[in-house]
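1. Here's a sequence, model it:
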Amino acid sequence: MIEQTVDIPTKDGKTTTFIVHPERGGPHPLVLFFMDAPAIREELRDMARRIASAGYYVMLPNLYYRRGVLELADLPPLPEAEARARMFDLMGSINIPRVMDDTDALLDFAGRDPAASPGKAGAIGYCMSGQYAINAAARHPERFACAASLYGVQLVTDKPDSPHLAAQKTGAELYFACAEHDTYAPLEMVEALDASLKGAGANAEVEVYPGVHHGFAFPQRAVYDKPAAERHWERLFALFRRNLG
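-> Numbering: from 1, shown residues only. Below you'll find the model as predicted:
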């Protein structure tokens, strides 16, 4: 495997991006991996490595670069409540338009790297970033063949870039993995999402993972559920094979 960490110029500065791909057999299809709220960490890098080991060029960008933050572990320690408030403040510093600008920059960089295939790409996002993966597919329908939201939040909102609406603006195959127990995306929201996508004839699947909680795929979380996590990997790799090869 080849790994590098690159500061990629964007409209608002530079995003430190972890890139990993196989050493041989390239160029490899691009997969953009949008981080969850707790930011870049080795847990996410390991997940990126797992995807890359299956034959993909994976980019894991830091979305908090506008605030000068890369890893929360590097920040001064705070009591739990204050640390949580800090994380939510960082989440509020980004939004779909800003992350779509970042997506443009990431695609531009990948387009100039001979290790990355210029063909169809995929996008995935966990937690806060499920909406970003879906909107990336809507922003660049000519490039993204698939996208996945993994226990994503704000799936149905009154905004024009809500995932349930963005999903109707792309022909990409979309996959939504949702936890049965999720205060950030309750079943009522998931059901509304599913109904909207089916009503619009979107190329999408909404799957509820029974008995698990938000964050179930992260090995370092207390809510980690190995069978559900492995199911989500099975779904992702099948999605990639169908659409990216």
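
2. Nearest residue to A115 in space, please, no chain neighbours.
-> G26 (4.9 Å; Cβ to Cβ, 6 or more residues apart in numbering). No exception for glycine: its C-beta is placed from N, CA and C like everyone else's.

3. For R242, see how far away that neighbour is.
-> Using Cβ to Cβ, to the nearest Å, one gets 21 Å for the distance from G26 to R242.

4. if I look at L236, how far off is V58?
-> From L236 to V58 the distance is 12 Å (Cβ to Cβ).

5. Spit out the residues that contact these two alike.
-> Shared contacts of L236 and V58 (Cβ atoms under 8 Å, 6 or more residues apart in numbering): I51.

6. Compare those two (neighbour count), which wins?
-> V58 (27 against 22; other Cβ atoms under 10 Å).

7. For that one, which three-state class applies?
-> Following DSSP: H, G, I helix; E, B strand; the rest coil, V58 is assigned to strand.

8. Quick check: it touching A48?
-> Yes. Assessed by Cβ atoms under 8 Å, V58 is found in contact with A48 at 4.5 Å.

9. so what sits against both of those two?
-> Shared contacts of V58 and A48, defined by Cβ under 8 Å, 6+ apart, comprise V20, F33.

10. show me what contacts A202?
-> Contact analysis of A202 by Cβ under 8 Å, 6+ apart lists A167, Q168, L174.

11. Serialize these to a markdown table and add fields for neighbour count and pLDDT.
-> Output for the contacts of A202, formatted as a markdown table (neighbours: other Cβ atoms under 10 Å; pLDDT from 0 to 100):
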| residue | neighbour count | pLDDT |
| --- | --- | --- |
| A167 | 26 | 94 |
| Q168 | 17 | 92 |
| L174 | 27 | 98 |
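
12. quick one: which of those is nearest G111?
-> G111 lies nearest to L174 out of those, by Cβ to Cβ, at 23.2 Å.

13. circling back to that earlier point, can I get the contacts of A202 in TSV including distance to H140?
-> Listed next are those as TSV, based on distance: Cβ to Cβ, whole Å:
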residue	distance to H140
A167	14
Q168	15
L174	14
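
14. now, which of those lie within strands?
-> Mapping the contacts of A202 onto strands (DSSP state E) picks out L174.

15. still on that earlier bit, okay, G26 and R242: which has more neighbours?
-> Between G26 and R242, G26 has the larger neighbour count (other Cβ under 10 Å), namely 16 against 11.

16. Now name the helix or strand holding S196.
-> Assigned by DSSP states H and E, S196 belongs to helix 187-200.

17. Show me what counts as buried in the following helix or strand past that helix.
-> Proceeding N to C from helix 187-200, the next assigned helix or strand is strand 204-213, under DSSP H and E. By 16 or more other Cβ atoms under 10 Å, the buried positions in strand 204-213 come out as A204, V206, V208, Y209, V212, H213.

18. what's the answer for stretch 165-174, then?
-> By neighbour count with 16+ other Cβ under 10 Å, stretch 165-174 contains the buried residues L165, A166, A167, Q168, K169, T170, A172, E173, L174.

19. next one: stretch 179-197
-> Residues A179, E180, D182, Y184, A185, M189, V190, L193, D194, S196, L197 are the ones in stretch 179-197 that count as buried (16+ other Cβ under 10 Å).

20. Kindly report the same for stretch 82-101.
-> Buried residues in stretch 82-101 (16+ other Cβ under 10 Å): M87, L90, M91, I94, I96, R98, V99, M100.

21. Looking at P76 now. What's its pLDDT?
-> Per-residue pLDDT puts P76 at 87.
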